[in-house]
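Novice: A structural model of the following input is requested.
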Amino acid sequence: MSTAELTATVVRLKLSLLRNGLRQSAGRRAAYLTSVVVVILVAALQLIGLIALRGSAHVTTIAVLLAEILALGWAVMPLFFPSGDETLDPTRLVMLPLRPQPLIRALLAASLVGIGPLFTLCLLAGSVLAVAHGAAAYATAVAAVVLALLVCVALARAVAAANVRLLTSRKGRDLAVLSGLVVAVGTQLVNFGAQRLGTAGLGRLDPVGDVLRWIPPASAIGAVDSVSKGSYGTGLAQLALSAAAVAGLGTLWSRSLTKLMTAPDASTLQAADPGPRERGSAGLSRLLPPGRTGTVMERSLRYVWRDPKTKAAWVTSLAIGLIVPVFNALQGTGSLYFACFAAGMLGIQMYNQFGQDTSAFWMVAMTISSPRDAYAELRGRALALLLITLPYATLVTVVTTALLDDWPKLPEVLGLSFALLGAMLATGAWSSARFPYSIPQEGYKNVAPGQAGLAWISILGGMVSAALLSSPVIAATIWLNVTAGGDRWSWLLLPAGAAYGALLLLLGLRLAAPRTARRLPEILAAVSKG
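Specialist: Below you'll find the model as predicted:
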């Protein structure tokens with residue numbers, strides 16, 4: 001088969017995969033068409049906006065920054081969404097008599113089919129049109145767009161091929177969990193940077209733009225600007241950098257493909273000795289309390305580390321619990337009491353404790369024969385959460401205090417956080433027994449169909465109840481802040497809040513244990529629907 005025939009075949013394969021995926025359900029077709037319309041509208045608006053910037057003082061800086069951001073997006077997308085494109089996994093083709101170089105050309109052509117390349121093409125076209133002036137610049141712009149697009153696509157392919165063994169493993173699927181954290185942190189960083197630039201102006205980015213215009217694929221955009229200013233030699237050098245980047249990425253990609261097609265994988269190697277893993281787990285067990293409490297704590301911590309859905313929930317809560325108070329403090333609009341947000345976000349993890357067990361909850365139910373057993377089960381799960389939530393909430397509070405330089409209020413905010421955390425864990429234990437629901441193991445949904453109402457009642461009702469249960473500590477905090485001389489006694493809120501939170505947790509476990517023991521069949525039926 002010639003290279004042209006192979007390229008046409010792979011492109012048709014890409015189109016067939018897309019077409020067959022849309023045939024699976026009407027919902028998928030609607031989602032795809034909606035995403036196409038949204039992407040086209042956003043790309044069109046970006047194109048119009050970039051063209052409107054022609055002639056402005058900082059248009060070149062904006063264009064090269066946009067090109068580098070696009071390249072960064074292409075580089076990280078295969079890591080966080082490895083299943084988004086079936087052709088990203090070249091191991092599916094290892095049994096075919098194909099050489100790396102023709103396969104690279106075919107896969108590169110297939111990579112240019114899709115929404116992502118269309119969106120990138122529109123933004124690159126807008127970038128070069130914004131900086132191009134003169135016939136020579138427009139001619140250079142055509143080559144610049146092609147080279148910049150090829151750099152982005154080749155970068156994504158090279159990263160995917162180099163990490164395909166990881167991305168198709170369980171650790172790779174766990175890596176996708178970090179996408180929520182990256183998006184959350186990235187959004188806050190962009191927001192923070194935009195606010196800073198809004199006051200300081202885009203001129204502060206010009207030195208960065210002067211450096212980035214020599215880094216592919218932004219060097220292709222810089223070449224158009226250089227030719228527009230009459231610097232033809234500089235423009236040619238910048239275009240050569242982008243062409244060299246395409247060639248270099250192709251070489252790395254070729255080496256990764258050769259290694260994938262010739263090196264043995266886990267299916268051809270003898271299984272490793274599981275002994276070290278078993279010895280490692282024994283070390284963890286020695287640090288936990290004896291009996292059922294320690295066993296339950298270890299199981300819960302392993303869920304946090306190994307189960308993708310549980311890990312995703314924890315990563316999101318940890319990230320948002322830190323981002324909200326810290327970024328507000330950095331922007332000068334925060335309050336020290338925002339640190340309590342971390343305790344609230346982490347306390348949510350106590351809700352629907354049995355849902356993460358899914359149908360395997362029957363093994364837990366078989367070990368519960370009395371309210372005492374149910375109490376030990378709930379206590380172990382609550383203590384496992386406290387191992388993470390208590391030090392993390394304390395850390396967030398201390399960091400926020402340091403950023404705001406308001407150390408006198410640290411004890412009262414810590415006390416309020418501990419009281420809120422205890423109330424969240426108490427109501428979470430009770431709602432886990434009263435409003436359990438199933439968490440589907442496949443897909444992105446966190447609630448099984450027909451159980452969304454249970455989830456909302458469990459979480460929202462529990463959060464409101466936790467706020468009401470924490471009202472005595474909240475009232476005491478307000479009273480000490482409005483009373484003359486109350487600052488001298490505000491430190492008492494730390495031990496009082498901690499003791500009150502512990503008391504609420506103890507009462508919540510005591511009330512939830514009998515209900516859990518009585519409702520084992522109902523809980524098993526509810527958490528087995530996913």
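Novice: So what touches stretch 472-492?
Specialist: P408, K409, P411, E412, G415, L416, A419, L420, L493, A496, G497, Y500 (Cβ atoms under 8 Å, 6 or more residues apart in numbering). Every residue, glycine included, has its C-beta placed from N, CA and C.
Novice: Count residues in the vicinity of the third one, would you?
Specialist: When you say that, I think you mean P411. 18 (other Cβ atoms under 10 Å).
Novice: ok, it touching F418?
Specialist: No. Contact criterion Cβ atoms under 8 Å: P411 and F418 do not qualify, at 10.7 Å.
Novice: tell me the contacts of the residue nearest to I368 when sequence neighbours are not counted?
Specialist: Leaving out its chain neighbours, the residue that sits closest to I368 by Cβ to Cβ, 6 or more residues apart in numbering is A374, at 5.2 Å. Contacts for A374 (Cβ under 8 Å, 6+ apart) come out as I368, A512, A513, P514, T516, A517.
Novice: Which one of these sits in the busiest neighbourhood?
Specialist: Result: T516 is most packed of the contacts of A374 (other Cβ under 10 Å), 27 neighbours.
Novice: Where do the helices of the stretch 401-530 of the chain begin and end?
Specialist: 410-434, 452-469, 471-482, 493-518, 520-527 (DSSP state H, counting those that start in this stretch).
Novice: Comparing those, which comes out most buried?
Specialist: Scoring the helices of the stretch 401-530 of the chain by mean neighbour count under mean count of other Cβ atoms under 10 Å gives helix 410-434 as the most buried, with a mean of 27.
Novice: Report the angle between it and helix 493-518.
Specialist: For helix 410-434 against helix 493-518, the angle by axes from the mean of the first three to the mean of the last three Cα atoms, to 10 degrees is 10 degrees.
Novice: now helix 410-434: mean pLDDT?
Specialist: Across helix 410-434, the average pLDDT comes to 92.
Novice: so which helix or strand takes in the closest residue to V113 other than its chain neighbours?
Specialist: Using Cβ to Cβ, 6+ apart and skipping residues adjacent in sequence, the residue nearest V113 is K14, 5.1 Å away. Element membership for K14 (DSSP states H and E) is helix 3-22.
Novice: Only the buried residues of the following helix or strand past that helix, if you could.
Specialist: On the C-terminal side of helix 3-22, the nearest following helix or strand under DSSP H and E is helix 26-52. Counting neighbours by 16 or more other Cβ atoms under 10 Å, one finds that the buried residues in helix 26-52 are A43, Q46, L47, L50.
Novice: possible to save those as TSV with pLDDT?
Specialist: Listed next are those as TSV, based on pLDDT from 0 to 100:
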residue	pLDDT
A43	86
Q46	86
L47	87
L50	87
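Novice: okay if I get the residues you listed as JSON lines plus distance to A8?
Specialist: Formatted as JSON lines, the buried residues of helix 26-52 follow (distance: Cβ to Cβ, whole Å):
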{"residue": "A43", "distance to A8": "27"}
{"residue": "Q46", "distance to A8": "32"}
{"residue": "L47", "distance to A8": "30"}
{"residue": "L50", "distance to A8": "34"}
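Novice: thinking again about what came up before, next, find the distance separating the residue nearest to I368 from L386.
Specialist: To L386, A374 is 19 Å away according to Cβ to Cβ, to the nearest Å.
Novice: go on, L205?
Specialist: Counting by Cβ to Cβ - L205 and L386 are separated by 45 Å.
Novice: Could you count how many residues lie near the spatially closest residue to T3 that is not a sequence neighbour?
Specialist: Closest residue in space to T3, ignoring its immediate chain neighbours: P102 at 4.6 Å, by Cβ to Cβ, 6+ apart. The criterion is other Cβ under 10 Å. On that basis, P102 has 17 neighbouring residues.
Novice: Quick check: which element contains P102?
Specialist: Counting by DSSP H and E, P102 is part of helix 100-111.
Novice: which other helices and strands contact that helix?
Specialist: Helix 100-111 is packed against helix 3-22, helix 135-162, helix 232-262, with contacts defined by 3 or more Cβ pairs under 8 Å, 6 or more residues apart in numbering; DSSP states H and E.
Novice: name the helices or strands packed onto the helix or strand that it is followed by?
Specialist: For helix 100-111, the following helix or strand on the C-terminal side (DSSP H and E) is helix 115-131. Judged by 3+ Cβ pairs under 8 Å, 6+ apart, helix 115-131 is in contact with helix 26-52, helix 59-80, helix 135-162, helix 218-228.
Novice: Return the per-residue confidence for the residue nearest to A125 when sequence neighbours are not counted.
Specialist: Nearest-residue entry for A125: V145, 5.8 Å, with adjacent residues in sequence omitted and distances by Cβ to Cβ, 6+ apart. Reading off the confidence values, V145 has pLDDT 93.
Novice: What is the burial count for V145?
Specialist: 23.
Novice: which residues touch it?
Specialist: So V145 contacts L121, L124, A125, V128, A220 (Cβ under 8 Å, 6+ apart).
Novice: next one: T34
Specialist: T34 touches nothing, counting by Cβ under 8 Å, 6+ apart.
Novice: In the stretch 251-400 of the chain, where is pLDDT below threshold?
Specialist: Applying pLDDT under 70 to the stretch 251-400 of the chain picks out residues 261, 263-285.
Novice: residue boundaries of the helices in it?
Specialist: So, for the stretch 251-400 of the chain - with DSSP H, counting those that start in this stretch - the helices run 275-286, 291-306, 308-330, 340-347, 361-365, 371-404.
Novice: out of these, deepest packed?
Specialist: Most buried among the helices of the stretch 251-400 of the chain, counting by mean count of other Cβ under 10 Å: helix 340-347, with a mean of 26.
Novice: what angle do that one and helix 371-404 make?
Specialist: 150 degrees.
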